[in-house]
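In: heads up, no residue letters with this:
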């Protein structure tokens, strides 16, 4: 309109900016089909690039073209400059928008930290790291307070190095506003703020929790295997296994129980409450005995996602819930031959199911525990065999020294009982009549019974039954034995006999 006013044209004259020939043609055809073009001037950049046209059109012929053309050229220069300026501003806004989107949607935390440690700004990824919903929740806080205490000193030293003009890299743990800990790696550089003229720390930080935990777990496995190889005690090995696994998940508590007969005995549980450990120590396995007792009984993994509602915990949930335990997943530790050696359990204070990573932790942990138990039992078996061989050699030497038979038999019974860690051991001699057997030597029996007490040698007694048997006779429980009756010797107290 300024062009029209300058030319003194009436309101029937139209002036428009067009940015491409197609647009010019369309608008001219649709809106100005009855008008006659009078003048048109190209709009160009300083290097001659065509960016549009400036047209004056009217429904009446116009003859003073020289004056109009000179005026149009002046306005064309101003129009071109304005278009270029607007395009530059638009491109700048678009670049800033893209940069903001890149910073806020990228996987890494980007933050600015003042010289005194005050957090000045942080992108969305960083807010997720520290469990904040909005930047206002953390801006103004000391960034040092978000660092786990054992790494705070190292971070402060790195921060000072950055302020001194040195780029730095550091791995450390942060703790979010809700308490979650995670491993991060930060690359920090000095940033000269052009607005405040202050030197700040500008850092890009990535979450390396999964990588760090994997490294810790591999290192922990090596430490466990080294302890096994060096002959460390089972409680020490079990404790290390539990602690290694517990580093892999926040709030996780592990336990290892050993199966002795039909009872589960405490092996390790470094993070479980002491009172709870004492209660579950010695629990008898069964089809509905919590997670561990059931897993050992069924020889299969038992996943209890909510102790409060699972029927297998009906008799034990009170004590578990009292100590804040809500989920328990237990897996039997099996020998190389498939026998149950114990259980490995993972506890949480919130109801939940295991994921694939936690199942892998279970697999590795039960494998390591199984190796430790079998190795220890193999070592004990070798020690027992060596002790037995020494016993046989000692008995042989005693026989060669010319000891009388009663003394030799007494020594044999004593050494055998002590070696096998049993309460009783006796030597019976069949009398000439073949009807009875007399106690010639014994360990654990009153002295006045030796050479005086006899037992029947018939098939209704274990002694007589053994005489006609071609293999050892084993009685697991005298109270339920049906092949023969128990002998008079030891009837009151013995339950097992070989």
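Out: That came through fine. Everything numeric in this text was worked out from a predicted model, so none of it was measured.
In: and the helices in this structure?
Out: 2-7, 21-31, 65-105, 124-129, 149-163, 209-229, 234-246, 274-280, 292-298, 317-322, 356-400, 405-420, 462-467 (DSSP state H).
In: worst average pLDDT in these?
Out: Sorting those by mean pLDDT places helix 21-31 lowest, at a mean of 43.
In: how about residue 147, nearest residue that isn't a chain neighbour?
Out: Spatial nearest neighbour of residue 147, excluding adjacent residues (C-beta to C-beta, 6 or more residues apart in numbering): residue 155 at 4.9 Å. C-beta coordinates here come from the backbone N, C-alpha and C atoms, glycine included.
In: looking at it, residue 137 is touching residue 178, isn't it?
Out: No: at 11.2 Å, residue 137 does not count as touching residue 178 under the criterion of C-beta atoms under 8 Å.
In: so for stretch 189-206, what gets flagged as buried?
Out: 190, 191, 200, 201, 202, 203, 204, 205, 206 (16 or more other C-beta atoms under 10 Å).
In: just stretch 109-116 next, same as before
Out: Buried-residue list, stretch 109-116, by 16+ other C-beta under 10 Å: 109, 110, 111, 112, 113, 114.
In: mind putting the buried residues of stretch 189-206 in a markdown table, distance to residue 467 included?
Out: A markdown table is the format used below for these (distance: C-beta to C-beta, whole Å):
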| residue | distance to residue 467 |
| --- | --- |
| 190 | 95 |
| 191 | 96 |
| 200 | 96 |
| 201 | 91 |
| 202 | 93 |
| 203 | 87 |
| 204 | 86 |
| 205 | 82 |
| 206 | 79 |
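In: hmm, residue 172 and the residue nearest to residue 147 touching each other?
Out: Yes: counting by C-beta under 8 Å, residue 172 is a contact partner of residue 155 at 5.7 Å.
In: what sits in contact with each of those two?
Out: residue 147 (C-beta atoms under 8 Å, 6 or more residues apart in numbering).
In: compare these two (neighbour count), which wins?
Out: residue 155 (23 against 17; other C-beta atoms under 10 Å).
In: residue contacts, that one?
Out: Shown in contact with residue 155 (C-beta under 8 Å, 6+ apart): 143, 144, 147, 170, 172.
In: now do 7 Å
Out: Neighbouring residues of residue 155 by C-beta atoms under 7 Å, 6 or more residues apart in numbering: 144, 147, 170, 172.
In: okay, among those, which ones form the most distant pair?
Out: Greatest spatial distance in the contacts of residue 155: 144 and 170, 13.0 Å, computed using C-beta to C-beta.
In: show me which of those two is the more surrounded one.
Out: Taking neighbours as other C-beta under 10 Å, residue 144 and residue 170 compare with residue 170 leading, 20 against 17.
In: how near is that one to residue 432?
Out: Using C-beta to C-beta, to the nearest Å, we find residue 170 at a distance of 91 Å from residue 432.
In: quick one: the longest strand along the chain to helix 149-163, angle?
Out: Secondary structure of the chain read by DSSP state E shows that its longest strand is strand 181-192. For strand 181-192 against helix 149-163, the angle by axes from the mean of the first three to the mean of the last three C-alpha atoms, to 10 degrees is 20 degrees.
In: now do strand 181-192: which elements does it pack against?
Out: Under the contact criterion of 3 or more C-beta pairs under 7 Å, 6 or more residues apart in numbering; DSSP states H and E, strand 181-192 touches helix 149-163, strand 168-175, strand 199-207, helix 209-229.
In: now the ones you listed as a markdown table including distance to residue 462?
Out: What follows is the helices and strands packed on strand 181-192, written out as a markdown table (distance: least, C-beta to C-beta, whole Å):
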| stretch | distance to residue 462 |
| --- | --- |
| helix 149-163 | 66 |
| strand 168-175 | 66 |
| strand 199-207 | 70 |
| helix 209-229 | 42 |
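In: now the most centrally placed residue in the chain, nearest residue through space, not along the chain?
Out: Nearest to the mean C-alpha position of the chain, by C-alpha atoms, centre = their mean, lies residue 248 at 2.8 Å. Among residues not flanking residue 248 along the chain, residue 213 sits closest, at 5.2 Å (C-beta to C-beta, 6+ apart).
In: could you do residue 343 as well?
Out: residue 292 (4.4 Å).
In: count of neighbours near the one you found?
Out: Residue 292 has 27 neighbours, counted by other C-beta under 10 Å.
In: my guess is residue 191 contacts residue 200. True?
Out: Yes: with contact defined as C-beta atoms under 7 Å, residue 191 reaches residue 200; the gap is 4.7 Å.
In: need the overlap of contacts for the two.
Out: Common neighbours of residue 191 and residue 200 (C-beta under 7 Å, 6+ apart) are residue 112.
In: and the residue nearest to the centre of the chain, how close does it get to residue 241?
Out: In terms of C-beta to C-beta, residue 248 sits 12 Å off from residue 241.
In: ditto for residue 305
Out: 23 Å.
In: of the two, who's got more company?
Out: residue 241 (27 against 16).
In: correct me, but that one touches residue 368?
Out: Yes: using C-beta under 7 Å, residue 241 is in contact with residue 368, at 5.6 Å.
In: which neighbours do those two share?
Out: residue 224.
In: hmm, back to that, which of the buried residues of stretch 109-116 sits closest to residue 389?
Out: Nearest to residue 389 among the buried residues of stretch 109-116, with distances taken as C-beta to C-beta, is residue 109, at 66.3 Å.
In: any idea what that closest one is bridged to?
Out: Bridge pairing for residue 109 (DSSP bridges) gives the partners residue 205.
In: who touches it in this structure?
Out: Residue 109 neighbours (C-beta under 7 Å, 6+ apart): 122, 123, 125, 126, 129, 205.
In: pretty sure residue 193 sits against residue 121.
Out: No: if you go by C-beta under 7 Å, residue 193 and residue 121 don't touch, sitting 10.8 Å apart.
In: if we can go back for a sec, ranking the helices of the chain by burial, who's on top?
Out: Of all the helices of the chain, helix 292-298 has the most neighbours on average by mean count of other C-beta atoms under 10 Å, namely a mean of 24.
In: contacts for that one, please.
Out: 257, 259, 264, 283-289, 301-302, 312, 330-332, 340, 343, 345.
In: from the residues you listed, which ones fall inside strands?
Out: 257, 259, 264, 283, 284, 302, 330, 331, 332, 340, 343, 345.
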